[in-house]
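Asker: Need a 3D model of the following:
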Amino acid sequence: MAKQRIGILGGTFDPVHFGHLQAARFAASSARLDRVLVLPSGMPAYKECAVSGEDRWKMVVAACRGDSLLVPSRLELDREGPTYTADTLPHLQSAYPDAKLFWIIGADALLRLPRWKRAEELLPCCRFLVCARPDEAGADAVAAAAEEVRRLGGKVEIIPMPPSPFASGAIRSALAEGVEPEGLDVCVLEYIQSKGLYGLPARVPESGPWLDRLFSALRPHRYAHSLAVAYSARRMAERFGEDPLKAEKAGLLHDCAKHLPLPEMQRLARENGITDDEAFLASSALLHSLVGAFLAERDYGMKDPEILDAIRYHNTGCAGMSRLAMCVCLSDSIEPTREPYPFLEEIRAVSETSLEKALLMSLENTAGFVERKGAFLHPRTKETIAWLKTLQS
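Answerer: So this is what the prediction gives:
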């Protein structure tokens, strides 16, 4: 059996951006890697980080969600003291004894590689994939550095890459100046803005404990989806004259019950008088919205009835629902990380000009899909569709 080929991409990821992800995927394709471990540094010896390791970890997990190639690892975060590659490599060799390991670095790191801590031990034991961009270092300098590493016993493969416009330092500077930078996944951007990192004020004052609780409760893709819905709902509310902070809060919390098994949701619903609707009680896809509103109030301290209603109606809609709830319901279906489905782009286009028309299109699309499958469509969704049609006349 062929050995697994595992890449390691380390760094501060302060914050993680598209350039990091591009390098990982490019190296994986070029070197036929089975996966890439993404290792945020805990306490890097060569620089100070602008935000905590836990914040950087949560952003990396959100950025890598849904990509089976990219596997976030806490190996360096969970070690005490300064982290060096020479100390990390034995842990990786122990964890993956039958794998070939490839350390993914940039051209600038290659120039420093012979001076890394205990380089004489490290270089003979590891293969280095150098993602060399023309904007980072001259080709002659890269070639000379690679030859020096080889003389010291290291194995180096140069992987030419197109230039990248993204750099963590430039992104941090833009954020500190109040400019929304390019190069960040929307989930990462929402995390930064809602929590108030890199010199920004905390946009959602409660976001610290909320995001910690959600991160612990939800799977990575659901956590990232919650961030993306908050991102989308805020912008939709701004577009249509609703309260953007309320929309953002509802977006963050809308799936806060999604992790619960159906029997636990049913228990909470019955013991707290949430619903006696058997259709809701039979389906976690339906019931999580009602239980979510309950948990948002009990566990997250949310008291605003409009936000609670937005959480309560985000999956089925409700005739007469507020426009704020409409923003959240629609954002749940069309947030920017949603996997493509029929008419998604058409609904997104309509959402630029009409909230009611876009939500009607979205719910009709959902109803058609459910009915084609021969599945149950809750009457509340049918009632919402009929109500939205009256608003079109």
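
Asker: these two touch, right, E182 and A167?
Answerer: No - look at E182 against A167 with C-beta atoms under 8 Å: they stay out of range, at 11.2 Å. Every residue, glycine included, has its C-beta placed from N, CA and C.

Asker: measure the spatially most central residue of the chain to Y300 for me?
Answerer: The residue lying closest to the centre of the chain (C-alpha atoms, centre = their mean) is A62, at 2.3 Å. Going from A62 to Y300 by C-beta to C-beta, to the nearest Å gives 19 Å.

Asker: In what element of secondary structure is the closest residue to M302 other than its chain neighbours found?
Answerer: Once flanking residues are discounted, M302 sits nearest to A296: 4.3 Å by C-beta to C-beta, 6 or more residues apart in numbering. Applying DSSP states H and E as the criterion places A296 in helix 284-298.

Asker: now E371
Answerer: Short version, using DSSP H and E: E371 is in helix 355-372.

Asker: that older thread, how about residues contacting the helix holding A296?
Answerer: 253-258, 260-262, 265-266, 268-269, 272, 274-275, 279-281, 302-303, 307-309, 311-316, 378 (C-beta atoms under 8 Å, 6 or more residues apart in numbering).

Asker: and I6, which of the three is it?
Answerer: State at I6, reduced to three classes by DSSP: H, G, I helix; E, B strand; the rest coil: strand.

Asker: wait, I meant L9
Answerer: strand.

Asker: and it, how many neighbours?
Answerer: By the measure other C-beta atoms under 10 Å, the count of residues near L9 is 24.

Asker: Pull out the buried residues from the lowest-mean-pLDDT helix or strand in the chain.
Answerer: Using mean pLDDT, DSSP states H and E, the weakest-scoring helix or strand in the chain turns out to be helix 119-122, at a mean of 85. Using 16 or more other C-beta atoms under 10 Å as the test for burial, helix 119-122 gives A119, L122.

Asker: Could you tell me how far it lies from the centre of the chain?
Answerer: 35 Å (C-alpha atoms, centre = their mean, to the nearest Å).

Asker: As CSV, could you dump the C-alpha coordinates of stretch 316-332?
Answerer: Extracted in CSV, the C-alpha atoms of stretch 316-332 (Å, rounded to 0.1, in the frame of the first residue of the first chain):
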residue,chain,number,x,y,z
THR,A,316,-40.5,27.8,7.4
GLY,A,317,-41.3,31.5,7.2
CYS,A,318,-44.5,32.8,8.7
ALA,A,319,-47.4,34.8,7.3
GLY,A,320,-47.1,38.3,8.5
MET,A,321,-43.4,37.9,9.6
SER,A,322,-41.4,41.1,10.1
ARG,A,323,-39.1,42.3,7.4
LEU,A,324,-36.2,41.6,9.8
ALA,A,325,-37.3,38.0,10.0
MET,A,326,-37.5,37.9,6.2
CYS,A,327,-33.9,39.1,6.0
VAL,A,328,-32.8,36.2,8.2
CYS,A,329,-35.0,33.6,6.5
LEU,A,330,-33.7,34.6,3.0
SER,A,331,-30.1,34.9,4.2
ASP,A,332,-30.3,31.3,5.5
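
Asker: Report the secondary structure element holding the residue nearest to the centre of the chain.
Answerer: Secondary structure (DSSP H and E) places A62 in helix 53-64.

Asker: and the next helix-or-strand element following that helix, which strands flank it?
Answerer: Once the chain leaves helix 53-64, the next helix or strand it forms, by DSSP H and E, is strand 70-72. If you go by DSSP bridges, strand 70-72 pairs up with strand 35-40 (parallel).
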